[in-house]
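Asker: here are the coordinates; sequence isn't available:
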C-alpha cells in the first residue's frame, strides 16, 4: 500500500474519532438529523473539505455536498457518500465511515495529482437513520428527485416541524427541488457490514449485490388459558407452545437455504397475562423476513404462513397474521458490482458478494442511477451500539479498494 | 335420589349464590381472609348452622367450626370442610361449595334422624387462597398444629398485621394453640375440579388420589443479539429460537406419559429488549412441573434440564436454571380413596381417580390425619374467575356421594 494512502486512512480513522465530539447527548454519541450536533458536525466536515481544496456546501435539504472536477469541467460525476446522522447511543462508523471515505478518496486523488474522466461528487446525507422524524432518507430522496414535499411537514417528538428545523440548520425547504442532482453517472457507498459474515469468513471487504427487501408480520396465537396444575397435557391448547412450534418452523424454513441469503427473525414475543401457573391463552409475536429477491421473500412468507396455519390446526388454536411492513429489494447495478469485485481482486483479495440486510441511502439513489455498495467488516457484526468497531488496517484496505474502483470507473 | 337430599342440594346451590353478596369489591366477588366480607360471610354461615341446630363458632385462627355429635358424645370425629375465602374477582364455587356441603351433609343426616359412630366436625377455613398475606393455609395449619406463630406477624399490602386483623375478625391470636384439633379420625374435602378432565370424560365426580407436588424454575437463555437483516441464519445464536426449542422439549417430555399425570407449563416468557428487527439476545421464561409423585417429578425435571442443556450446547447459547419453588406431593389416604370410590360406585357411576393439580387445605390436614378429596366437574375447567360454574345436578350427585361416604365411614 502506498504511503499516501496509508496516511489518508490514518487521518480518516482520526476524523471518525473526532466526529464523536459532535453529539447531542454526551458522553453517548447521538446525532439526529438537523440537531445542533448535526450542524456542528457538518461545519467540521465542510472545514475538512476546505483543507482538501473543495468548496463544500449545505444543500437545501441538509446534505453536505462538494465537487472534485474531472479532467474536463462539467463532466458527468461519480457520486460517493454516506450519512453523518446516527441512532441514539450510536457507534462512530455507521455512516460516518462512508461519508468521510468519500472525502479521503478525493484527498488521495489530489495527492496523486489525478483528475479523472468523471468528476467526483461527495455527499454526506443527514437523514438515513430515521430516528427523529417518522419518514426517513429525506436527503437521498431529494437528490434522486423522489422526495414528497409533505415530508417537510413531519414533526419530531418535541413537535418541531422538519421545515423549521431545516431552516435553522441552514437548509432551504422552499427550494427543495434545487437539491435534485443532475449529471450523475452513478452512486456508490462504503459502509460497515453491520453483520458477522465477513468477520466469520476472515475477509476485510464484501461487495453488496442487493439490499434486502423485507416483510414484517404481527402474529397472534389464540389458545385457551388454564390452570397449570389442573389441565392434563392432552387437553391443553397452549398458545405459547404453539407459538414456539411456529417460531421453529419459521427458523427451519429460513435455514433450509431454499432461497439464498433469506433470513427470518422473531424478535418480539409477548404472553398476554403471563403467569408461572397459568397455561398461556394468547401470545403475540413479530416476524421479520428479508431476502435479496422479492419473489423469494414472498414465497417463503407464504410457506411460513401455511406452516403456522397447519400447526395451529393440529393444536386446536387459531393464528392471525397481519402484515405490518413491506419493502422491495434493491438489486445493485451489475457493472458496479463487477467494478467493486475487480477493485477488491486488485488488492489480492478474493471478492465476496453478499446482500445488505439493512436499508441504506443507496437503495434510494438506485431508483435513479446505477448504484452499489462496498462493505467493510466490523467487530462481532455489531452496529447501532458504542461497541461498533473496525480496524485501522481494514479501513486502509477499504479506502484502497474504493479509490481503485473510482480510478477505474468509466461512465456508461 | 331421595327428596330430602334433592332439597338440601337445591338449598346448597341457593346458599352458594347468596354468599356472593359478601364481597369486598362489588359487583366482583372478592373475599380475602379476615376482611369485612369474610366476617359477614362467616356470620351468615354461623346463622345457617344454627338453623340446622348446630352451635357454630369462630375459632382462634378465624376458622368456623361446628360439631354434630355421633351416637355417643365425645366420639372421634370425621372432619369435613373447605374454605370460604376467595381470590380477587372469583367464582362462587371454589371453596364455598365444600364448606357449605359439609353443613348440607349434617342437615341430610339430621333430616334422616341419623347419628353415626363418629361425630361430624364441620370446618370453614378462612385462608386457603393466600391472596392477602404472603403465607397461606393459616387455618388448616393451626388445626393440624403445624402453624408457625410468626405467621401472625405477617403484614398485608396495606401494612395490617395478621394478628390485628384476626382480633378485629373475632379470632384470638394469643390462643392460637387452642385452635389445634383433637379427636379427629380423618379429614375430607369436596371441591370443584378446577380442571377439564371430568368434563372431557363426561363424569360428574372424581376421586383425588394425590395433590401434586410442584417444582418451579426460572430459565434464562443467553444468546447473541444481532441485526435481523444482517445476520445470516447459520451465524445466529438466537435466544428466542433456542427457548422455543426448549419449550417444545419440555412439552414433549410431559406429553410422553412416561410418568402418569405429570404436567409441565411455560407460563411466562420475556424477550429482553425485544424488537422486531433485532435477533433476541436474552430470553427469560418460567417452568412449572407437577406430579402426584415426587420422584417422578424430580426425574422429569432433571431430564428436561438435560434436554435444555443439550439444545443450548448445540445452538451455542447458554441456559441458566434457578429453582424458585418446590412443594412435595401429598398422597391421599388409601382407605379414604377406597371409601370415595365405593360411594361414587353406589350411585351407579364408574369411579375416576385423578390427582389435584392445585393445592388445598387437605394437604395440610393430611400431615396429621388420614385425608382425601372428592372433585366435582366444573364448566370448561375454569376457576378463579366469575365464569366458574357447576350444574345443580352435579351438586346433588356430589352431595349424595359425600353423604354416602360419611354414612359408611368407619374410624380406623
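Answerer: That came through fine. Not measured: the values here are computed from a predicted model.
Asker: can we go C-alpha only for contacts and neighbour counts from here?
Answerer: OK.
Asker: SS state for residue A:412?
Answerer: coil (DSSP: H, G, I helix; E, B strand; the rest coil).
Asker: Who are the contact partners of it?
Answerer: By CA atoms under 8 Å, 6 or more residues apart in numbering or on different chains, the contact set of residue A:412 is residue A:185.
Asker: Now with 6 Å, please.
Answerer: Contacts for residue A:412 (CA atoms under 6 Å, 6 or more residues apart in numbering or on different chains) come out as none.
Asker: now it: how far from residue A:186?
Answerer: Distance of residue A:412 to residue A:186, computed by CA to CA, to the nearest Å: 9 Å.
Asker: Now do whatever residue of the stretch 301-412 of chain A ends up closest to chain B, the pLDDT please.
Answerer: Residue of the stretch 301-412 of chain A nearest chain B, by CA to the nearest CA: residue A:357 (3.7 Å). Residue A:357 carries a pLDDT value of 92.
Asker: Now it: closest residue in space that isn't a chain neighbour?
Answerer: residue B:229 (3.7 Å; CA to CA, 6 or more residues apart in numbering or on different chains).
Asker: sec struct for the nearest residue to residue A:68 once chain neighbours are set aside, please.
Answerer: Nearest non-adjacent residue to residue A:68, counting by CA to CA, 6+ apart: residue A:120, 5.0 Å away. When classified by three-state DSSP, residue A:120 comes out as strand.
Asker: contacting residues for residue A:120?
Answerer: Per CA under 6 Å, 6+ apart, neighbours of residue A:120: A:67-68, A:77-79.
Asker: Torsion angles phi and psi at the residue nearest to residue A:371 when sequence neighbours are not counted?
Answerer: Nearest non-adjacent residue to residue A:371, counting by CA to CA, 6+ apart: residue A:187, 4.7 Å away. Phi and psi for residue A:187, reported as degrees, to the nearest 10, are phi -130, psi 140.
Asker: quick one: residue A:187 and residue A:374 touch, right?
Answerer: No: contact criterion CA atoms under 6 Å: residue A:187 and residue A:374 do not qualify, at 11.5 Å.
Asker: list the helices and strands the lowest-mean-pLDDT helix or strand in chain A packs on?
Answerer: Ranking every helix and strand in chain A by mean pLDDT, DSSP states H and E puts strand A:226-227 at the bottom, with a mean of 89. If you count contacts as 3 or more CA pairs under 6 Å, 6 or more residues apart in numbering or on different chains; DSSP states H and E, strand A:226-227 packs onto strand A:278-279.
Asker: So which residues make contact with whichever helix or strand comes after the strand it packs on?
Answerer: Using DSSP states H and E, the helix or strand that follows strand A:278-279 in sequence is strand A:282-291. Residues outside strand A:282-291 that contact it (CA under 6 Å, 6+ apart): A:212-223, A:239, A:262-266, A:268-272, A:297, B:276.
Asker: what's near enough to touch the residue located most distally from the centre of chain A?
Answerer: What lies farthest from the middle of chain A is residue A:230; by CA atoms, centre = their mean that is 50.5 Å. Taking CA under 6 Å, 6+ apart, we find residue A:230 in contact with B:195, B:357.
Asker: hmm, try it at 7 Å
Answerer: B:194-195, B:356-358 (CA atoms under 7 Å, 6 or more residues apart in numbering or on different chains).
Asker: hang on, the earlier thing: dump the contacts of residue A:120 into CSV; add secondary structure and neighbour count as well.
Answerer: Below are these laid out as CSV (DSSP: H, G, I helix; E, B strand; the rest coil; neighbours: other CA atoms under 10 Å in any protein chain shown):
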residue, secondary structure, neighbour count
A:67, strand, 20
A:68, strand, 24
A:77, strand, 24
A:78, strand, 25
A:79, strand, 27
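Asker: Next, see if the helix or strand harbouring residue A:254 gets close to chain B.
Answerer: Here residue A:254 sits within helix A:239-255, counting by DSSP H and E. Yes: under the criterion of CA under 7 Å from any CA of the partner chain, chain B is reached by helix A:239-255 at A:241, A:244-245, A:247-248, A:255.
Asker: which parts of that helix are buried?
Answerer: A:239-251, A:253-255 (16 or more other CA atoms under 10 Å in any protein chain shown).
Asker: Can you check the pLDDT for the residue of the stretch 1-150 of chain A at minimum distance from chain B?
Answerer: Distances between the stretch 1-150 of chain A and chain B by CA to the nearest CA are smallest at residue A:94, namely 13.2 Å. What the model reports for residue A:94 is a pLDDT of 97.
Asker: wait, what's in contact with the residue nearest to it when sequence neighbours are not counted?
Answerer: Of all residues not flanking residue A:94 in the chain, residue A:192 sits nearest, at 6.1 Å (CA to CA, 6+ apart). Neighbour list for residue A:192: A:93-94, A:375-378 [criterion: CA under 7 Å, 6+ apart].
Asker: any idea of the pLDDT on residue A:316?
Answerer: pLDDT at residue A:316 comes out at 98.
Asker: and if you look at residue A:257?
Answerer: On pLDDT, residue A:257 comes in at 84.
Asker: Then residue A:135?
Answerer: Reading off the model, residue A:135 has pLDDT 84.
Asker: mind listing what's buried in the helix or strand containing residue A:41?
Answerer: With elements taken from DSSP H and E, the one containing residue A:41 is helix A:36-51. For helix A:36-51, a neighbour-count test (16+ other CA under 10 Å) marks A:36-46, A:48-49 as buried.
Asker: Once you drop chain neighbours, what's closest to residue A:297?
Answerer: residue A:291 (5.4 Å).
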